[in-house]
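In: here are the coordinates; sequence isn't available:
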């Protein structure tokens, strides 16, 4: 077991983004016994810091967030013999590069890396395929997120899932970005304006201001200002309260490596409707409390939304499945133990 893990990430543009929450919660569950430190370091300062860590005995595991590499490989990779650099991939970085990777760029990107930890089995499978194609013998381990079952719990008061006339609350928890499918979902809901629903959006509006402007403008064009509310980024009790008052959690995202908000919703016994992606399917796998819908297919989304908005028994069934599966959800403590065990295996191979 490594004596101490240093987890490094670039300064957060939005500290409530799933990746940053994952890092912070993993570190919090390890720092009590001194096994983890979480530091925000600029991209410019990363390589010098890694060189310093590599000069310190004993072998120091440095877990480097793949967010550093969304612009491409670092100019210089550390090659210190006393440094075990482990890459933490919330997503696969080269998918975000401005242009397709040049020949050898992925190999340079992985130079000096002892192994990779991902936050989902879906990402692990994709990375292993890429590594096998390039004959790069790096170990890859999946360490999915956990959930705080003490905080994220069902509402104490009886739920309104059997109500037939009251407006149902549709909740989305995600930063307001184009790839999260907000404009697409708005159009699908607008097709069902005859049904009693209201849509509450809990997500940072500062990440992509242009998307927020377009969303607000389209809401106004559709005359839905009284039914759609942007709440901004929420955390703590305010976020839990939104889950507990929701009838349905909906996320029409185009890309998702896992979906921590989906698991939080299920922990609160909220039925989930989400794009059918490998990561989201993994997040829902052990619960039965969610419905997967083909990504970007408006008619399929409209049918699924209509079904859940008009069928209280179906919502109640999904809610009960989520309640029954709460005990199967991984806690953050278990996730942290899995994380540090994976780092230990990688460090042992690098030693």
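Out: All right, it came through fine. For clarity, every value in this text was computed on a predicted model and none was experimentally measured.

In: low-confidence regions, the stretch 1-150 of the chain specifically.
Out: Within the stretch 1-150 of the chain, the stretches with pLDDT under 70 are 1-3, 13-16, 32-36, 54-60, 70-82, 96-104.

In: and the strands in it?
Out: In the stretch 1-150 of the chain, strands defined by DSSP state E, counting those that start in this stretch lie at 5-9, 36-40, 60-65, 83-89, 113-118, 140-142, listed in chain order.

In: right, and residue 21 touches residue 260 too?
Out: Yes. The pair residue 21 and residue 260 qualifies as a contact (CB atoms under 8 Å) at a distance of 6.6 Å. Every residue, glycine included, has its C-beta placed from N, CA and C.

In: looking at those two, which is more packed in?
Out: In terms of neighbours (other CB atoms under 10 Å), residue 260 is the more surrounded of residue 21 and residue 260; the figures are 22 against 16.

In: okay if I get the strands of the stretch 1-150 of the chain as a markdown table plus distance to residue 350 and mean neighbour count?
Out: As requested, the strands of the stretch 1-150 of the chain are arranged in a markdown table below (distance: least, CB to CB, whole Å; neighbours: other CB atoms under 10 Å):
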| stretch | distance to residue 350 | mean neighbour count |
| --- | --- | --- |
| strand 5-9 | 14 | 23 |
| strand 36-40 | 18 | 17 |
| strand 60-65 | 9 | 24 |
| strand 83-89 | 4 | 24 |
| strand 113-118 | 4 | 22 |
| strand 140-142 | 13 | 19 |
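
In: make CSV out of these and add distance to residue 288.
Out: As requested, those are arranged in CSV below (distance: least, CB to CB, whole Å):
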stretch, distance to residue 288
strand 5-9, 33
strand 36-40, 34
strand 60-65, 33
strand 83-89, 28
strand 113-118, 25
strand 140-142, 22
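
In: relative to residue 128, which of those strands is closest?
Out: Ranking those by their distance to residue 128 (criterion: CB to CB) puts strand 140-142 first, at 5.4 Å.

In: now the closest one, how far from the centre of its chain.
Out: 16 Å (CA atoms, centre = their mean, to the nearest Å).

In: show me what whichever helix or strand comes after it is packed against.
Out: Later in the chain than strand 140-142, the nearest helix or strand by DSSP states H and E is strand 168-173. When contacts are defined as 3 or more CB pairs under 8 Å, 6 or more residues apart in numbering; DSSP states H and E, strand 168-173 sits against helix 182-190, strand 197-202, helix 236-245, strand 248-251, helix 260-267.

In: look through this protein and tell me its longest helix.
Out: helix 332-350 (DSSP state H).

In: not counting its own residues, what contacts that helix?
Out: With contacts defined as CB atoms under 8 Å, 6 or more residues apart in numbering, helix 332-350 is touched by 1-2, 5, 25-26, 28-30, 35-36, 59, 61, 63, 84, 86, 114-115, 117, 139, 141, 143-148.

In: tell me which of the strands of the stretch 1-150 of the chain lies nearest to residue 291.
Out: Once the strands of the stretch 1-150 of the chain are compared by CB to CB, strand 140-142 is nearest, at 24.3 Å.

In: list the strands paired with that closest one, with their directions.
Out: Neighbouring strands of strand 140-142 in its sheet, by DSSP bridges, are strand 113-118 (parallel).

In: can you give me the angle the strand it pairs with makes with strand 60-65?
Out: Computed with axes from the mean of the first three to the mean of the last three CA atoms, to 10 degrees, the direction of strand 113-118 lies at 50 degrees from that of strand 60-65.

In: how far off centre is strand 113-118?
Out: Between the mean C-alpha location of strand 113-118 and the chain-wide mean there is a distance of 18 Å, by CA atoms, centre = their mean.

In: just the pLDDT for residue 224.
Out: Residue 224 is assigned 98 on the pLDDT scale.

In: contacting residues around it?
Out: With contact set as CB under 8 Å, 6+ apart, residue 224 has these partners: 186, 189, 190, 193.

In: could you measure from it over to residue 301?
Out: Applying CB to CB, to the nearest Å, the value for residue 224 to residue 301 is 17 Å.

In: pretty sure residue 286 contacts residue 324?
Out: No. Residue 286 is beyond contact range of residue 324, at 10.6 Å (criterion: CB under 8 Å).

In: which residue comes closest to residue 181 once chain neighbours are left out?
Out: Nearest in space to residue 181, with sequence neighbours left out and distances taken as CB to CB, 6 or more residues apart in numbering, is residue 252 at 3.3 Å.

In: contacts only, for that neighbour.
Out: Under the criterion of CB under 8 Å, 6+ apart, the contact list for residue 252 reads 180, 181, 182, 184, 185, 188, 274, 275, 293, 295, 301.

In: ok, the nearest residue to the third one once chain neighbours are set aside - how many residues close by?
Out: When you say that, I think you mean residue 182. For residue 182, ignoring the flanking residues on the chain, the nearest one in space by CB to CB, 6+ apart is residue 215 at 5.3 Å. A count of neighbours around residue 215, defined by other CB under 10 Å, yields 21.

In: residue 115: what's it in contact with?
Out: When the contact criterion is CB under 8 Å, 6+ apart, the partners of residue 115 are 86, 87, 138, 139, 140, 141, 345, 346, 349, 350.

In: could you redo the last one with a cut-off of 7 Å?
Out: Residue 115 makes contacts with 86, 138, 139, 140, 346, as judged by CB atoms under 7 Å, 6 or more residues apart in numbering.

In: would a markdown table of those residues with distance to residue 308 be doable?
Out: What follows is these, written out as a markdown table (distance: CB to CB, whole Å):
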| residue | distance to residue 308 |
| --- | --- |
| 86 | 41 |
| 138 | 42 |
| 139 | 41 |
| 140 | 36 |
| 346 | 43 |
